[in-house]
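Asker: I would like to see how this sequence folds:
(4 chains)
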Number of protein chains: 4
Amino acid sequence: MSRILRYGMVGGGQNAFIGDAHRRAISLDRSAKLVAGCFSRSYENTCATGEELHVEKERLYHTYEEMAEKESAREDGIDFVCIVTPNYAHYGACKAFLEAGIHVSCDKPLTTTLEEARELEELAKKKGLLFMVTYGYSGHIACKHIRQMIERGDIGEVRMVAGEYIQGWLAGDDITGNKQGEWRTDPKLSGKSNCLGDIGTHIENTVARMTGLKIKKVLANMEIKVPSRVLDDNDMVMVKYDNGASGLYWSSQITIGSDNSLRVRIYGTKGSISWFQEEPEKIQVANEDGTVTEIHRGHDCIYPEAAKYTRLPSGHPEGWFEAMGNLYRSFTACISAKEDGTFTEDMIDYPTVLDGVEGLAFLEACLASSEEGNVWKDMEE
Amino acid sequence: MSRILRYGMVGGGQNAFIGDAHRRAISLDRSAKLVAGCFSRSYENTCATGEELHVEKERLYHTYEEMAEKESAREDGIDFVCIVTPNYAHYGACKAFLEAGIHVSCDKPLTTTLEEARELEELAKKKGLLFMVTYGYSGHIACKHIRQMIERGDIGEVRMVAGEYIQGWLAGDDITGNKQGEWRTDPKLSGKSNCLGDIGTHIENTVARMTGLKIKKVLANMEIKVPSRVLDDNDMVMVKYDNGASGLYWSSQITIGSDNSLRVRIYGTKGSISWFQEEPEKIQVANEDGTVTEIHRGHDCIYPEAAKYTRLPSGHPEGWFEAMGNLYRSFTACISAKEDGTFTEDMIDYPTVLDGVEGLAFLEACLASSEEGNVWKDMEE
Amino acid sequence: MSRILRYGMVGGGQNAFIGDAHRRAISLDRSAKLVAGCFSRSYENTCATGEELHVEKERLYHTYEEMAEKESAREDGIDFVCIVTPNYAHYGACKAFLEAGIHVSCDKPLTTTLEEARELEELAKKKGLLFMVTYGYSGHIACKHIRQMIERGDIGEVRMVAGEYIQGWLAGDDITGNKQGEWRTDPKLSGKSNCLGDIGTHIENTVARMTGLKIKKVLANMEIKVPSRVLDDNDMVMVKYDNGASGLYWSSQITIGSDNSLRVRIYGTKGSISWFQEEPEKIQVANEDGTVTEIHRGHDCIYPEAAKYTRLPSGHPEGWFEAMGNLYRSFTACISAKEDGTFTEDMIDYPTVLDGVEGLAFLEACLASSEEGNVWKDMEE
Amino acid sequence: MSRILRYGMVGGGQNAFIGDAHRRAISLDRSAKLVAGCFSRSYENTCATGEELHVEKERLYHTYEEMAEKESAREDGIDFVCIVTPNYAHYGACKAFLEAGIHVSCDKPLTTTLEEARELEELAKKKGLLFMVTYGYSGHIACKHIRQMIERGDIGEVRMVAGEYIQGWLAGDDITGNKQGEWRTDPKLSGKSNCLGDIGTHIENTVARMTGLKIKKVLANMEIKVPSRVLDDNDMVMVKYDNGASGLYWSSQITIGSDNSLRVRIYGTKGSISWFQEEPEKIQVANEDGTVTEIHRGHDCIYPEAAKYTRLPSGHPEGWFEAMGNLYRSFTACISAKEDGTFTEDMIDYPTVLDGVEGLAFLEACLASSEEGNVWKDMEE
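Answerer: Modelled structure (predicted):
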């Protein structure tokens, strides 16, 4: 029996969305216990949030620097930190905890520049710390199964990928009062991109984790469709992978009628695969004769590497929390294994700082392509 | 800030399904903390399960009687018990805890006879205790919204209901090693019905909670399709409601290709509603002109009585755990309010012992109808 | 090269629906040429219709008796008649043409009583004439493929069938001006049943043709849901087949949001099949492991007995006219073969007078069951 | 009563697909009668086809030039010609019939070069002849309704269009014996493009007819994914329209599991519209609040300009033939009106030679963009 890990959180105060979501995902599996937090730039908010979450007063902090310092000094300090602030603050927070010797889980996009992302990669490596970047969709059992299918060659060699992530929530001109929308469309908090950074990178990562393909170059057209906006809200990207396959990615926040529509379709020489995030437990597998077989989480045909994350029988929907929970399940298992001395690299079954770096490399290549008039740009290694 | 409630569990040992599921549902909302258990008839299993769940050794019990007695005697005893054993044991366990003055959450079907169910209803009433019966599907935000729609008259007067709950997992003759299947098809553990008791009652309850209609009489045809079986595995029921509307219910465990397909369609004089448990966040609402509008959890049109349970934005799938969690959210809120003295009956937003009684009344009427040659039988009041 | 056959039509005047539909279905394949007609009880309507359809004036008739007599006397008389009147007139018209020695295609339900239907069966047999009853859905390539699948044992032994045919067009109380609705709800024109006769018999026939199963007995609940109506508009039927399998049929005209929703699901010991008339080219085949494969008209896996009717590649939708056209394709081929002396019974690939008789036997058994309080009634042989 | 028009056909011999399809589409509405043909470069094939179709021997021709000359000289000569050869022969045939004063219906793409297309446009104008280019999908009632919706401003200003037309039939390396595949992948018969010319132009035309938007410039990436091929089989195109909206088009013939999947999604400032060719009678309309309403052909909400083409009630599937038939219905009505002297330009409700020219302009701009390294190319006016 391993002990229950302790974690702290940076961000996730009242009115935030993703922090609460991470906490519930962790709770679902009881994989760790929240014991410390700096939930907001406002200490008042931090205290209110902390009280609600039954965190001891003395472990509620004014700044993440303070938190990193004090928690690393405690006997019963946090085993890992979960960073769920707006993008601009990721870098500083990650750095503080890594330097304090604490494992890090950070939301995506990892940073606002590729350079910062690489610096964090270096630092984590130097410190020998685990670093998860919470591209949550890769946690779905279906996504893990698709990864296995492609690795095993079930659809032959991949030739074409169509990825889209479209939402309608920012279609309107006036988003006053929409907290999530306000910070995402503000370059000071969000960085150089809104839409492509927030959701386009999910396409990039989901495809990468499913197919194992590396992007060689991109041709991007990042656009603003809502006149009052200053950051992109509709992005089209042509992609070339290392194996010669092509990709077409589209992310948008102005497509009225789409909730959170991440869809990935992968076409191989012997079959194809389709997955839709809003029905995350179904996979459509096209057979060579053109017929399409739908398989569900919970069916016997799901490969064991994916099936082991099952919590409920098929037809009993698992959703977003379970996918995110799967990331934390592997992350906390790795931390425990580190403690026990049983850790090996192949235990890692979650997106790491490397995924974070690739996300930034993708984003920066797209920004450069778009700024230079929609020309092909190599992804930097 | 209300304190975190303490609960104990009867059933839910290693290899069980529903106990683990309840624990996770409760964890998701951190609505209560597991502190005691009698997880199995085998004390060994109870101990192994308890250790895994970090329950103190002294609060692991040999029998539920012992647990009821000792927990009720403790200062820090459990606030409620969660009973998740096979059907046959529900009655005894419920009774023991009610008599010990402890609130009860019990899985469905509540008992194996209507008489026992009524006795529990009486006892809970006499003791002034809260009693939840965990028909989990009613916890879905979509189901709560549908209930509001019908109450508000959005589709006019209900005239016809088509409910089906079909599964394929017991289609095969040989189910050796399938723990869930073994006990459900065994009259000693399951009672007088397998399929109708296990899933047919979910149709009955889901429809009842959505529409508020009372069943007046039933005509049932309960059948065994797999030759080696002794309890029903395919059931058709014609239904008449108190308002003159009709219903057609079909439950089956032999429909290969169905996972867990509870589908309810409700037809009114001004519109209709369709809901499918495997895509629990979508509602299809047919308009009077024949067009059909699909609405999703998270959309602004969801009525506040349902929307208040939202945890994630639309398009971020919530599933089975969230629905069950919603039941516990209301149940624990009611318990806390009882403690505070702020409790009122209209706070109850979960199925109670009355739903449990109705489920048994439905089941017994169907059994009688089927035994007497598929004739109409009145539901006893 | 066989000559183009000549046909006449009874019914199908201006404002009628099904007559025009039959004419187009025949035209699509150029399988016969319209040369005579008694399109309406109103000779004026007949003349107007005839002119529009370029039928010679002298072959437009006041009554079907006149038409049968005169056409049978002509050298270039019609090869077959197409009877598409309201139900009440089928019997007389069929009889007149059979007696005149002319092959008959008649719409369903064949007659308004079982006795009449049997009389027509006898007469056709005696006269050695071909007699098609236009249950058009059986003409779909998908339906023909399903028939082949079941015959070949692809899903094992059939154990359960769920058939429904639901429409919303008669949900409203006031149907004034709705010609199709007016005659169907009028016992003088429609017979003893509206909904079950009009669409319930389609369930019966579609299932019969797909599965080859014979109905042994029925328990029916035929209801009126719209207060102003005098004939049934919502019907539920429990069915037992000769092989021990069960069926559950539901037909309704009050389900707002349903257009013309005939859906048949067939559950066997080794798999299951689902087909939906509104997407008539798709078949969902559930495999024994619970996965579901969707196959489409035009795919290589379609059996040759069905595939031979293909007119367009897969993905180029064929619909209602093609299905009806397929009936006429076989019917006219049989007539030509009769003329050539090459006809054999196994060439018949359309529903015949026997299907018509079975439809009436089903209807009368349901009427009797419903009148006697929803009891089991044997289907008369 | 207008007389039945007479038509001839060039192409459409035995083993051809599209010629037969056009003939059936015309037959369905009895809008014209086939009386002459040059069905193949092989006179033998022409004769065999002609006999099968009951065309008089003397009106079967060796060449289209002969046909144009002789038919234009006859009193009872053809009213229009239907040209359904492989692409390379369109230009010559169109020219011959236009010069002979005969109205023309020609398959798409109109020619193999923009220059030829413009020459035909000029010639038709000079001769005062009607010229239809058979982009058949625009004939769907749903497409006509969408056109009306956008014209009326129902979804506000269009901001983004996603169009895809993907098929799997050419995914394999070896297509020997596949007649349709052989000529399309052969530059001598097909022209400079296979996939984009054959199906990509359908996206261009369907979007143009639905939205009324003009393409200003394109950035295309035309690729060969099957190694043995010499023409494109996977094409991605970024598009800018005159109103500032953007488009993303993807056409492919290597996507295993797709039959004939033309899908168009149109996003406006106030709503969005989605249409899928394989379910051609359904339209998904997203409302400003994010809910989505599905409307069907046959519903009362369909605008009269579209609804007038209805042949069957909703739920009785109309398909490909009906859509193509709708084109011919308007085309033949225009020809008759020309004869009667009642013709006006606004009667034209089918794609004309102008659509054909735009298709070639699109194709040539894409070819240029692709050849020059995927750069933006203006569409020539």
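Asker: what about A:Pro227, neighbour count?
Answerer: Residues contacting A:Pro227 under the criterion other CB atoms under 10 Å in any protein chain shown number 7. From N, CA and C alone the C-beta is placed, and that goes for glycine too.
Asker: please read the previous query as pertaining to A:Arg265.
Answerer: For A:Arg265, the number of neighbouring residues by other CB under 10 Å comes to 23.
Asker: and A:Trp250, what does it touch?
Answerer: In this structure, A:Trp250 makes contact with A:163-166, A:235-237, D:162, D:248, judged by CB atoms under 8 Å, 6 or more residues apart in numbering or on different chains.
Asker: before we move on, which element is A:Leu363 in?
Answerer: In this structure, A:Leu363 sits in helix A:353-371 according to DSSP states H and E.
Asker: next one: that helix to chain centre, how far?
Answerer: Helix A:353-371 has its average C-alpha position 14 Å from the chain's average C-alpha position, going by CA atoms, centre = their mean, to the nearest Å.
Asker: averaged pLDDT, that helix. What do you get?
Answerer: Computed over helix A:353-371, the mean pLDDT rounds to 98.
Asker: can you check stretch A:173-188 too?
Answerer: 89.
Asker: picking up where we left off before, which of the contacts of A:Trp250 fall in strands?
Answerer: A:163-166, A:235-237, D:162, D:248 (DSSP state E).
Asker: and chain B, which of those contact it?
Answerer: Subset of these in contact with chain B: empty, counting by CB under 8 Å from any CB of the partner chain.
Asker: so which of those residues is the closest to chain C?
Answerer: The shortest gap between chain C and any of the ones in strands among the contacts of A:Trp250 belongs to D:Ala162, at 19.0 Å (CB to the nearest CB).
Asker: dump the residue contacts of the closest one.
Answerer: For D:Ala162, the residues meeting the contact criterion (CB under 8 Å, 6+ apart) are A:164, A:250, D:247-248, D:263-265, D:267.
Asker: need the pLDDT of it.
Answerer: In this prediction, D:Ala162 carries a pLDDT score of 98.
Asker: that one bridge partners, please.
Answerer: Judged by DSSP bridges, the bridge partners of D:Ala162 are D:Leu248, D:Arg265.
Asker: how near is it to C:Ile215?
Answerer: D:Ala162 sits at a distance of 49 Å from C:Ile215 (criterion: CB to CB, to the nearest Å).
Asker: now do A:Asn178
Answerer: From A:Asn178 across to C:Ile215, the span is 59 Å (CB to CB).
Asker: ok, those two, which is more surrounded?
Answerer: Counted by other CB under 10 Å, A:Asn178 and C:Ile215 do not tie: C:Ile215 has more neighbours, with 21 against 14.
Asker: residues in contact with the closest residue to that one other than its chain neighbours?
Answerer: Computed as CB to CB, 6 or more residues apart in numbering or on different chains, the closest residue to C:Ile215 that is not its neighbour in sequence is C:Met379, at 4.9 Å. With contact set as CB under 8 Å, 6+ apart, C:Met379 has these partners: C:214-218, C:358, C:361-362, C:365.
Asker: please indicate which of those residues are buried?
Answerer: Neighbour-count burial (16 or more other CB atoms under 10 Å in any protein chain shown) applied to the contacts of C:Met379 gives C:215, C:217-218, C:358, C:361-362, C:365.
Asker: any stretches of chain A with poor pLDDT?
Answerer: Counting by pLDDT under 70, chain A contains low-confidence residues at A:1, A:381.
Asker: do I have it right that A:Lys108 meets A:Asn205?
Answerer: Yes. The pair formed by A:Lys108 and A:Asn205 meets the contact definition of CB atoms under 8 Å, at 7.3 Å.
Asker: shared neighbours of the two, anything?
Answerer: Where contact means CB under 8 Å, 6+ apart, the residues bridging A:Lys108 and A:Asn205 through contact with each are A:135, A:351, A:359.
Asker: got JSON lines for those, with distance to chain B too?
Answerer: Listed next are the shared contacts of A:Lys108 and A:Asn205 as JSON lines, based on distance: CB to the nearest CB, whole Å:
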{"residue": "A:Tyr135", "distance to chain B": "14"}
{"residue": "A:Pro351", "distance to chain B": "18"}
{"residue": "A:Gly359", "distance to chain B": "20"}
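Asker: tell me which element A:Thr332 falls in.
Answerer: helix A:320-340.
Asker: that helix - contacts with which helices or strands?
Answerer: Using 3 or more CB pairs under 8 Å, 6 or more residues apart in numbering or on different chains; DSSP states H and E as the contact criterion, the neighbours of helix A:320-340 among helices and strands are strand A:5-11, helix A:18-28, strand A:80-84, strand A:103-106, helix A:141-151, helix B:320-340.
Asker: save the ones you listed as CSV, and put in distance to D:Phe39 and mean neighbour count too.
Answerer: Output for the helices and strands packed on helix A:320-340, formatted as CSV (distance: least, CB to CB, whole Å; neighbours: other CB atoms under 10 Å in any protein chain shown):
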stretch, distance to D:Phe39, mean neighbour count
strand A:5-11, 72, 26
helix A:18-28, 65, 23
strand A:80-84, 69, 27
strand A:103-106, 68, 26
helix A:141-151, 47, 22
helix B:320-340, 61, 22
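Asker: could the ones you listed go into CSV alongside distance to D:Leu130?
Answerer: Conversion of these to CSV gives the following (distance: least, CB to CB, whole Å):
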stretch, distance to D:Leu130
strand A:5-11, 67
helix A:18-28, 61
strand A:80-84, 65
strand A:103-106, 65
helix A:141-151, 52
helix B:320-340, 61
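Asker: of all those, which lies closest to A:Lys338?
Answerer: Set against A:Lys338 and scored by CB to CB, these come closest in strand A:103-106, at 7.9 Å.
Asker: A:His54 touches B:Ser2, doesn't it?
Answerer: No. Distance between A:His54 and B:Ser2: 10.6 Å, which falls outside the contact criterion (CB under 8 Å).
Asker: return the distance of the residue nearest to the spatial centre of chain A relative to A:Glu204.
Answerer: For chain A, A:Tyr135 is the residue whose C-alpha lies nearest the centre (CA atoms, centre = their mean; 1.4 Å). If you measure A:Tyr135 against A:Glu204 using CB to CB, the figure is 9 Å.
Asker: mind listing the shared neighbours of these two?
Answerer: A:Gly359.
Asker: what residue in the stretch 51-200 of chain A comes nearest to chain D?
Answerer: For the stretch 51-200 of chain A, CB to the nearest CB, closest residue to chain D: A:Arg159, 4.9 Å.
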